[in-house]
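Undergrad: The sequence isn't on hand, but the structure is:
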């Protein structure tokens, strides 16, 4: 059954197409030929908008592929990222930070959140952000890649990237091509099916391309998966934003380390720093008077992202508004799962059902993470009031109820975010746990004060030990130029 | 922050579950003003729920601050690297489900895929030759795992085999030193709140009324509070796990202490062998629909390697799970909450999981029902995933030498397991979840040990040339064999560090 050379055709380039091409070329080596039917003019296949605030998980995929992140910094103006600051969602003057990293430290088996709640009650707590290195470093404009030494405070931090989408796709394309993936021109013209399988695709220049496995990276159109019968499940009652406009402005000074997102009348506006510029993205729910120049999209996912010999990666599998690095995170997640469940040559390995279970659950958990800021918003105005009325899916509702009750995050099997992210989100939206864990009571306020000060001091010292972000970027650029 | 702290908790029943709960609560919730009482009756025998454990117990003991050598010495303990399964897929088969890995991944592809590929062309040794814990167990060796992840000696974990009643006594001392008050006496009456139905108090034979805000039901199978009082209901899983009785009998030691537990498939169930320092625990877990109590008793007595140390005892159970293990202000832990046969030594582990979840979801006096909901959600997942793993042992068999095995081989299994087995058979993939005790290496051990071989291997294995792979596998095998040679014997390890006093052993 095993042992033949495989033909793999990636339909659509962009971030999704070139990432999956690079990862498969890397993993399959000489056992497969990876072709990419690229359509460079189309909007991107993995990310909505022109800049991505990539989440930390991407780093693992970069290492797997052997993708040189530093090159993004040197050639495409990318910068490092330590979190997202949210403004206005819980009310006009509200602000909260979702940092890349974990809070404080568990003391004597008591989770940090509960120590902090107790300390806050006793009036000896600083704001929660004082106990997370990513936040402290971001506020001070300092950055260095985290330490691998688990004893070091720097190991509690992770990081993401702000990168221009076109630059990312171009850099990934170079990586994929160096690994042996080859571009086939022409763009997609038609899909030939045979039942729930793709028989061939026709390119715009008249070619007929057959492959053992087709990767659908055609963006929200999901041209291949739709052709074999996949259905789109809409999330618009919960996530109604459907328009996007991107703009860029020159920016002076050192680039920041945070994505800044501000709620607007019918959506939000984000600013992501790049070297020497600031990329703005505006996302909103269309009103009666539409803006014909805006990019249109609809949020939701396919019921089955993998059918027969076709697998959707990126926006073809699901569309989430471009917050918290949703685009590349889900590309990364699908690629890692595809490699773990790579189909056998005879197509009889039964991988699709397991892939679909894992990927759709993760989409739904990411969806919940985004819905929370609408369902729990504290803004006035008809749009935001309607969002509160629209409520939340049961999975999010339960998570919210349990957190509100006792500061515990209910985790399901496939989560897109870890516990600290949910804690930041819920507290940021003004959800205060009604109770805290009684085990925190064993710490007297004075003792707690001492322990918490020590943690905050360690975070400050850890941040001060890092160079300024601009200096670190310059060093990265020098190093990769020398290499 | 509202939510008055609970001040009074009453544990009903001693035994392993009761004293583990008492020890954990008195340690982990110290300083929160909690009063803990435990009511037990010497008249009611406790069921030693499995004397073999899995590695998680080390976390539990560490949280309590127990010293390992002291604990092993005082419980007549031995070390455990895995479980040997004999005669499961076919008579004459033997495999060990180890606490550790088989081989190591090459090129990000799991070793079992490479092994499957090499075995097809006759270039692989038996799978167990690539597992350090299995080879060490076969050689009766034991040592602490190495801390350096690069060392082959770091590729395993371990657990213990011990006398559960001595463990309970050990934890009783630990608990009483931390303020737990033990009351001797049978519970004769339960006082419920007329409005909520919550348990307000229990009355003992002596007439004492013991009030509490939270009751932990560790009364065993009967579920004095959770079932007899609150009628929480029970999900019966006997159709998939048909054994419903066990006959237990200890005997003298005739062989060197094995660093593993043995589970041998018999005509109508399976028998356990658990070597301790002072004796060997034996038992036959069987289905009363297929063999009588008397025949089961004779069968186990006939298998003993040395004279019996006590009269055989018959235990009855119904495999399954209480529908609500937490109901109102009663939390059932141990056999009161459910029963899964000790085939994979999970009894003590399930107690431990319940205790952890109870501590993490420690309720307040205002009784938010979400505590109960989340506890029951987590426990249901845990029980169901262990259940599926146990069913696999029975279902994945070729045995057709008795009506019992005919039933198990041909029964329909839960969809959750059928899907897992299908993906394994077709592609060698182990279905993964965040929750659930048994991880990939365990499923691989049992699948392959029971002759469920994947039809295909991971195609990414092909990226590595066959000869290169064969050389790498052989180097690993040789490294395992060399490392096992450097380990002390299990007996030497115990003799040097944690032998129970000779007097106690003779007793």
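TA: Thanks, I have it. It should be emphasised that the depicted structure is a prediction, and the values quoted were computed from it without experimental measurement.

Undergrad: Which residues of the stretch 101-250 of chain B lie near chain A?
TA: B:108, B:117 (Cβ under 8 Å from any Cβ of the partner chain). Yep, even glycine has a C-beta here, placed from its N, CA and C like the rest.

Undergrad: Output the residue ranges of the strands in the stretch 101-250 of chain B, listed in chain order.
TA: B:159-161, B:181-184, B:187-192, B:199-204, B:209-211, B:214-217, B:234-236, B:245-251 (DSSP state E, counting those that start in this stretch).

Undergrad: Which other helices and strands does the longest one contact?
TA: Translated: strand B:245-251. Where contact means 3 or more Cβ pairs under 8 Å, 6 or more residues apart in numbering or on different chains; DSSP states H and E, strand B:245-251 is packed against strand B:280-286, helix B:293-303, strand B:313-316.

Undergrad: what pairs with the helix or strand just after the shortest one, and is each one parallel or antiparallel?
TA: In the C-terminal direction, the helix or strand that comes right after strand B:313-316 (DSSP states H and E) is strand B:320-322. Sheet pairing of strand B:320-322 (DSSP bridges) gives strand B:234-236 (antiparallel), strand B:338-339 (antiparallel).

Undergrad: what's the most buried one of those strands?
TA: strand B:338-339 (a mean of 28; mean count of other Cβ atoms under 10 Å in any protein chain shown).

Undergrad: just how off-centre is it within its chain?
TA: Offset of strand B:338-339 from its chain centre (Cα atoms, centre = their mean, to the nearest Å): 12 Å.

Undergrad: just stretch B:122-142 next, same as before
TA: Offset of stretch B:122-142 from its chain centre (Cα atoms, centre = their mean): 23 Å.

Undergrad: For residue B:256, grab the count of nearby residues.
TA: 11 (other Cβ atoms under 10 Å in any protein chain shown).

Undergrad: Assign residue A:411 to one of the three secondary structure states.
TA: coil (DSSP: H, G, I helix; E, B strand; the rest coil).

Undergrad: Can you add distance to residue B:267 and mean pLDDT and give the strands paired with strand B:320-322 back as a markdown table?
TA: Formatted as a markdown table, the strands paired with strand B:320-322 follow (distance: least, Cβ to Cβ, whole Å; pLDDT from 0 to 100):
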| stretch | distance to residue B:267 | mean pLDDT |
| --- | --- | --- |
| strand B:234-236 | 24 | 97 |
| strand B:338-339 | 22 | 96 |
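
Undergrad: Is it possible to get a markdown table of those that adds distance to residue B:321?
TA: Formatted as a markdown table, the strands paired with strand B:320-322 follow (distance: least, Cβ to Cβ, whole Å):
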| stretch | distance to residue B:321 |
| --- | --- |
| strand B:234-236 | 5 |
| strand B:338-339 | 4 |
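
Undergrad: Which residue, neighbours along the chain excluded, lies closest to the residue in the stretch 201-350 of chain A that chain B sits nearest to?
TA: Residue nearest to chain B within the stretch 201-350 of chain A: residue A:349 (3.7 Å; Cβ to the nearest Cβ). In space, and not counting its chain neighbours, residue A:349 is closest to residue B:427: 3.7 Å by Cβ to Cβ, 6 or more residues apart in numbering or on different chains.

Undergrad: so what's that neighbour up against?
TA: A:341, A:344, A:349, A:350, A:351, B:454, B:455, B:456, B:458 (Cβ atoms under 8 Å, 6 or more residues apart in numbering or on different chains).

Undergrad: try residue A:261
TA: Counted by Cβ under 8 Å, 6+ apart, residue A:261 has contacts A:84, A:85, A:86, A:87, A:268, A:269, A:270, A:323.

Undergrad: Doesn't the first one lie inside a strand?
TA: To tie it back to what came earlier, the one meant is residue A:84. Yes. Under three-state DSSP, residue A:84 sits within a strand.

Undergrad: give me the number of residues near it?
TA: 25.

Undergrad: Any idea what it is bridged to?
TA: Note on residue A:84: beta-bridge partners by DSSP bridges are residue A:98, residue A:259.

Undergrad: Where is the longest helix in chain B?
TA: Secondary structure of chain B per DSSP state H: the longest helix is helix B:369-395.

Undergrad: for the stretch 151-300 of chain A, what spans make up the strands?
TA: In the stretch 151-300 of chain A, strands defined by DSSP E, counting those that start in this stretch lie at A:160-164, A:182-184, A:188-194, A:197-203, A:208-209, A:213-216, A:232-234, A:243-250, A:258-264, A:267-274, A:277-284, A:295-296, A:300-302, listed in chain order.

Undergrad: deepest of those, which one?
TA: strand A:213-216 (a mean of 29).

Undergrad: Any idea how far that strand is from the middle of the chain?
TA: Here the centre of strand A:213-216 is set off from its chain's centre by 22 Å, with Cα atoms, centre = their mean.

Undergrad: Tell me the helices and strands packed up against that strand.
TA: strand A:6-11, helix A:14-28, helix A:223-227, strand A:310-312.

Undergrad: Take the ones you listed and write them to CSV, including mean neighbour count and mean pLDDT.
TA: Output for the helices and strands packed on strand A:213-216, formatted as CSV (neighbours: other Cβ atoms under 10 Å in any protein chain shown; pLDDT from 0 to 100):
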stretch, mean neighbour count, mean pLDDT
strand A:6-11, 23, 96
helix A:14-28, 29, 96
helix A:223-227, 23, 98
strand A:310-312, 30, 98
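
Undergrad: got these as JSON lines, with distance to residue A:79 columns?
TA: Putting those into JSON lines (distance: least, Cβ to Cβ, whole Å) gives the following:
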{"stretch": "strand A:6-11", "distance to residue A:79": "29"}
{"stretch": "helix A:14-28", "distance to residue A:79": "18"}
{"stretch": "helix A:223-227", "distance to residue A:79": "34"}
{"stretch": "strand A:310-312", "distance to residue A:79": "30"}
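
Undergrad: and of those, who's closest to residue A:459?
TA: Residue A:459 lies closest, by Cβ to Cβ, to one member of the helices and strands packed on strand A:213-216: helix A:14-28, at 33.5 Å.

Undergrad: tell me the angle the closest one makes with strand A:160-164.
TA: 120 degrees (axes from the mean of the first three to the mean of the last three Cα atoms, to 10 degrees).

Undergrad: wait, what's in contact with residue 204?
TA: Since you didn't name a chain, this refers to chain A. A:186, A:187, A:188, A:189.

Undergrad: nope, chain B please
TA: Shown in contact with residue B:204 (Cβ under 8 Å, 6+ apart): B:39, B:183, B:185, B:186, B:187, B:188, B:210.

Undergrad: what does residue A:333 give?
TA: Per Cβ under 8 Å, 6+ apart, neighbours of residue A:333: A:57, A:359, A:362, A:416.

Undergrad: Surely it is in a strand?
TA: No. With three-state DSSP as the criterion, residue A:333 is assigned helix and is not in a strand.

Undergrad: Show me what from the stretch 351-500 of chain B comes close to chain A.
TA: Taking Cβ under 8 Å from any Cβ as the measure of proximity, the stretch 351-500 of chain B contacts chain A at B:359-362, B:364, B:368, B:370-371, B:374, B:377, B:419, B:422-423, B:426-427, B:429, B:431, B:433-435, B:455-463.
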